[in-house]
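Peer 1: have a look at this prediction, sequence included:
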Amino acid sequence: AQSVAQPEDQVNVAEGNPLTVKCTYSVSGNPYLFWYVQYPNRGLQFLLKYITGDNLVKGSYGFEAEFNKSQTSFHLKKPSALVSDSALYFCAVRDDTGGFKTIFGAGTRLFVKA
Amino acid sequence: EAQVTQNPRYLITVTGKKLTVTCSQNMNHEYMSWYRQDPGLGLRQIYYSMNVEVTDKGDVPEGYKVSRKEKRNFPLILESPSPNQTSLYFCASSLNGAGNTEAFFGQGTRLTVV
């Protein structure tokens, strides 16, 4: 069965510092991994995805994520956090075995302090 | 503008009174789905649709119905709402059901059942 874990409910970081939001997954086949961001009173917005190829994926707003197959992880990163990055972040996974469901993590709330 | 539109944004209703939440997308997407978001649980899939007249259960389908008579519309129906269906609901669409396509989300519908 597919599953996603976001081990931190909340991440606090100072503006200008690097940030990492963690995600680990479990799938039967090869994973398709996604990060989404949710701002207050808004729907989820797509940030980036890993399908195949280069393990370092770059996405919107300066975010990137590193796929690590041996550790089954897909951590979201940004070199220099902005106050405006404060939001709720979701990791999601599907696999290539033909299933049609996307599994989301519980979400990690990021607070960036000025 | 490419978008997924849900209505209403906010709804307060009483137990047992049938309601429908509408969802429409203008991107000619084949795949549509409904999620509910609850604190600490992330997003859980209720139903999904691979294309017109093709729907299937997600992880938490009990108490919900859907239909897909047209490609652009995917309404969520609660025949007899109960308080445990109080939640934030999101409709999403993606190009197709392949695992490597990202989802576009509506703004959400906050439902309260009293």
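Peer 2: Everything's here; your move.

Peer 1: kindly provide the distance from residue A:26 to chain B.
Peer 2: Per CB to the nearest CB, to the nearest Å, residue A:26 is found 15 Å from chain B. From N, CA and C alone the C-beta is placed, and that goes for glycine too.

Peer 1: ignore the last one, residue A:9
Peer 2: Residue A:9 is 8 Å from chain B, by CB to the nearest CB.

Peer 1: got phi/psi on that residue?
Peer 2: The phi/psi pair for residue A:9 (degrees, to the nearest 10) reads phi -70, psi -30.

Peer 1: show me the contacts for it.
Peer 2: By CB atoms under 8 Å, 6 or more residues apart in numbering or on different chains, the residues touching residue A:9 are A:106, A:108-109, B:40.

Peer 1: just the buried ones from those?
Peer 2: Among the contacts of residue A:9, those scoring as buried are A:106, A:108 (criterion: 16 or more other CB atoms under 10 Å in any protein chain shown).

Peer 1: dump the contacts of residue A:9 to a markdown table, plus secondary structure and distance to residue B:55.
Peer 2: Listed next are the contacts of residue A:9 as a markdown table, based on DSSP: H, G, I helix; E, B strand; the rest coil; distance: CB to CB, whole Å:
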| residue | secondary structure | distance to residue B:55 |
| --- | --- | --- |
| A:106 | coil | 26 |
| A:108 | strand | 31 |
| A:109 | strand | 33 |
| B:40 | coil | 28 |
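
Peer 1: how about the contacts of residue A:9 in TSV, adding distance to residue A:31 and pLDDT?
Peer 2: Formatted as TSV, those follow (distance: CB to CB, whole Å; pLDDT from 0 to 100):
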residue	distance to residue A:31	pLDDT
A:106	18	93
A:108	19	96
A:109	24	96
B:40	24	85
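
Peer 1: how about residue B:103: what's its closest non-neighbour residue?
Peer 2: Leaving aside its sequence neighbours, residue B:103 sits nearest to residue B:92 (CB to CB, 6 or more residues apart in numbering or on different chains; 4.2 Å).
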